[in-house]
Every structure is written in C-alpha cells, then in structure tokens.
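Trainee: Okay, predicted coordinates and the sequence, questions at the end:
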Amino acid sequence: MQLYFVLKSPARAENVGAAARAMKTMGFQQLRLVNSQVHEQDKAHWVAHGAQDILHTAEYFAELAPALADMELVIATTARERGRYRYYLTPQQALAQVNNKQLKKVALLFGCEESGLSNDDLAHADIISYLPLKVSYPSLNLGQAVMLYAYEFSQGLTVPSAENITNHTSSAQLRVLQQKTEQLLGMAGVEQQETLAEWVSDRLPMLAQRDLNLLHLLYKDLERALVAKGDS
C-alpha cells in the first residue's frame, strides 16, 4: 500500500521541509501539494536535511479534487470539530480502518498552518481524524502533525496478502453505496431525516470489506422490496 501525504495550501516552506524530513524518517516517500509550491523554496530544502528527494519528486496540484482523485481512501486531519456532526478517529483508529480494507492508495490530508482544512476540504474526505492533545494551545505545526501521523502509520501498517490485494475497497465502491443509501432513504420516505442520512454516510467508510459486500446484497433486497411495495 502507498500512503500519500497531501498538504493543502501550506504557507511556510520550513514546515513543508520538516514534513518531508518526518516522512523520510518514517519510511514514506509520496508527497503532494495543493495550491502552494513553497516546497521549491530554498528554506524547505534547508530544513528537509536529507529528505530533499521527497521535495524534488513532490507532485503539485492547483486544486484539491484532482490531488485526491486516484485515492481509494482519504483521511483528513483536523484540530477541532467543524460543520455538521461527524465521527472523529484518532490516528490509531484511522490506521485500523486502513488495515481493515486492504487498500492500495490512501491519502492523509493536512490543511494550512493558519486555518487548517475548510468544510469544503473536509467534504472530500472519507474519514476525519484528529490528534487528542492534552491542551488546545500551543497547537502542533504542520511538520509536527505530519511526524505524529507518519510515526503512527509506520508502526502499524499491514501488507495486503496476495489473496486480498485484488479485492481492495475502492473509493468508487464507497461512492456507490453512499448514493444507494440516499436513494433508498428517499424511496422509504425518510430522505428529509438529514441527521440519519449523514450518520449512515459517515459510517460507511469505516466498514470492513466483508461488511460492505453484505451491505451491497442487503441494499439489493431492500430496493426490490421497496419497488414491489410501490407497485402494489
């Protein structure tokens, strides 16, 4: 599995250099930057100190959506709750979800130093994770946050077996299930229960592959039953 560190609009070259150094120390290589090219500045390379190769090979994207388009699971990191109610996982819990799904490409998404990720940014994520700090201030900077996640994931990632690697969960599969959820709620006449719909949508990325397969079968049966009921 490849783990990508995606930095959205980082402002300080030094922090990006520190992030690259943290990644290299923990054995990760894939770095993407969105709406910022500070990784090309000399300050980033000075701080990277031995991890300049990560900066040289970093991919740049003007917008967030293309940077995440090929990912099978996106884990967004945040320091505080934002917007509507969602489930927030610790790094350990997020890692467990990755190991559950036999994935090939996973993104860890980090926001800019000043304001973090916006609600629009979080909408691109399947899972939202946070670092349970003892105090809210002083907060971690970007380089420190990347180091903590890189360490956690370097310690616990499992290698998919040859038997399971072709049966990995894809982002397309999750999207289909989320769309089917909305459709079935509408057919059942409960589409206006926004909290229920959001709860189901948030929980889907946390299901294991076996559960997702069973849910596909259940949705087919529910759809047939609802269609038959409507025709009667």
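Mentor: The structure has been received and is ready for your questions.

Trainee: What is the neighbour count of Gln183?
Mentor: For Gln183, the count of nearby residues is 14 (other Cβ atoms under 10 Å). To be clear about C-beta, it is placed using only N, CA and C from the backbone, and glycine gets the same treatment.

Trainee: Quick one: residues contacting Leu117.
Mentor: Contacts for Leu117 (Cβ atoms under 8 Å, 6 or more residues apart in numbering) come out as Lys8, Ala76, Thr77, Thr78, Arg82, Leu109, Phe110, Gly111.

Trainee: out of those, which are buried?
Mentor: Neighbour-count burial within the contacts of Leu117 applies to Lys8, Ala76, Thr77, Thr78, Leu109, Phe110, Gly111; the criterion is 16 or more other Cβ atoms under 10 Å.

Trainee: for the residues you listed, which one is nearest Ala208?
Mentor: Ala76 (20.7 Å; Cβ to Cβ).

Trainee: So what touches the helix or strand where the closest one lies?
Mentor: Assessed by DSSP states H and E, Ala76 sits inside strand 73-78. Strand 73-78 is contacted from outside by 68, 88-89, 94, 97-98, 101, 103, 106-111, 116-117, 121-122, 124-131, 145, 149, 169, 171, 205, using Cβ under 8 Å, 6+ apart.

Trainee: sorry, back to before: biggest separation within the buried ones among the contacts of Leu117, which pair?
Mentor: Put simply, by Cβ to Cβ the two of those set farthest apart are Lys8 and Thr78, 11.5 Å from each other.

Trainee: Show me the common contact partners of the two, please.
Mentor: By Cβ under 8 Å, 6+ apart, the residues touching both Lys8 and Thr78 are Gly111, Leu117.

Trainee: which stretches of the protein form helices?
Mentor: Applying DSSP state H to the chain gives helices spanning 13-25, 42-48, 52-57, 64-68, 91-101, 119-122, 142-156, 171-187, 194-203, 209-231.

Trainee: among those, which is nearest Leu3?
Mentor: Of all those, helix 142-156 sits nearest to Leu3, with 6.0 Å by Cβ to Cβ.

Trainee: That closest one packs against which elements?
Mentor: The contact analysis (3 or more Cβ pairs under 8 Å, 6 or more residues apart in numbering; DSSP states H and E) places helix 142-156 against strand 2-8, helix 13-25, helix 91-101, strand 105-110.

Trainee: Go through the ones you listed and name the closest to Asp211.
Mentor: Among those, helix 91-101 comes nearest to Asp211, with 9.2 Å by Cβ to Cβ.

Trainee: got the contact list for that closest one?
Mentor: 1, 72-73, 75, 89, 106, 127, 129, 131, 148-149, 152-153, 156-158, 168-169, 205-206, 208-209.

Trainee: okay, the helices of the chain, which one's buried deepest?
Mentor: A comparison of these by mean neighbour count, using mean count of other Cβ atoms under 10 Å, puts helix 13-25 on top with a mean of 24.

Trainee: Run the chain-centre distance for it.
Mentor: In terms of Cα atoms, centre = their mean, to the nearest Å, the centre of helix 13-25 is found 20 Å from the chain centre.

Trainee: Low-confidence regions, the chain specifically.
Mentor: In the predicted model, the chain carries pLDDT under 70 at residues 80-86, 136-138, 159-173, 190-197, 209, 232.

Trainee: Recalculate using a threshold of 80.
Mentor: 79-87, 100-102, 133-139, 157-216, 226, 228-232 (pLDDT under 80).

Trainee: Count the residues that sit near Gly27.
Mentor: For Gly27, using other Cβ under 10 Å, the count is 11.

Trainee: Fine, thanks again, bye for now.
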